[in-house]
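In: The following comprises the amino acid sequence and a computationally predicted model.
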Amino acid sequence: MQIRVIVPVIGEHWAEEARETYGALARPGTAVSAVVIEKGPASIETHRDEVLAIPGVLFEVRKAEQQGVDAAVIDCMGDPGLDAARELVSIPVVGPAQASMHLAAILAHRFSVITILEQTIPLVEQQVVRYGLTGKLASVRAVNIPVLELEEDKERVVEALIEEGARAVEEDGAHVVIPGCTGMIGLARRVQEGLAARGCPVPVIEP
């Protein structure tokens, strides 16, 4: 089994991190490779960023299928180009936002997404509507840390996720929390432990 992780931004370091994190979760016998797009945005924080990323995503999805890869993951919570990619190829293509939101809806009555910036809250809310999960959404909150700053201070990101996650549980009635950016990859367990220590023992889904 071969899985290709497509990071829809420029910057090879994102591919290295995705390869390590996804690879650590893979079953024995499953090979995980990761690529970034050749042309596009440095981060995805707006509709414009998503649109600029889609051509590169489609190119890499097609190439993955041609190379015999069994499935592809678009490594961004914006799920940029997800529907178009599924039209383009016959292999499964997974978007982490769609997958994690539907899992959250199965696990609990209501879920909250903790996104990066206030300006991205409407984008997440639009996704929830598109995926048919409006009645399951407790809230969308933001840590107000840009994507390109997430790598600079992971402790700050974890603390912000715990703070907003606790508010989502206590004030919004969330029963599951989803970190709303794959740039937060690998932090779910620490956030879940931090929430439990705050008296909010809810699952935190790793998108």
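Out: In hand now; what should we look at?

In: Give me the mean pLDDT for stretch 159-175.
Out: For stretch 159-175, mean pLDDT rounds to 98.

In: Tell me how many other residues surround the nearest residue to V147 once chain neighbours are set aside.
Out: Spatial nearest neighbour of V147, excluding adjacent residues (Cβ to Cβ, 6 or more residues apart in numbering): S43 at 3.7 Å. Where C-beta positions appear, they are placed from N, C-alpha and C, glycine not excepted. Residues within reach of S43, counting by other Cβ atoms under 10 Å, total 22.

In: Would you map the strands across this protein?
Out: Under the criterion DSSP state E, the chain carries strands at the ranges 2-7, 31-36, 71-74, 93-94, 111-115, 137-142, 176-179.

In: which helices and strands sit right next to the last one?
Out: What that stands for is strand 176-179. With contacts defined as 3 or more Cβ pairs under 8 Å, 6 or more residues apart in numbering; DSSP states H and E, the packing partners of strand 176-179 are helix 96-107, strand 111-115, helix 154-172, helix 188-197.

In: Could you do the fourth one as well?
Out: In this structure, strand 93-94 makes packing contacts with strand 71-74, helix 82-88, judged by 3+ Cβ pairs under 8 Å, 6+ apart.

In: Thanks a lot, catch you later.
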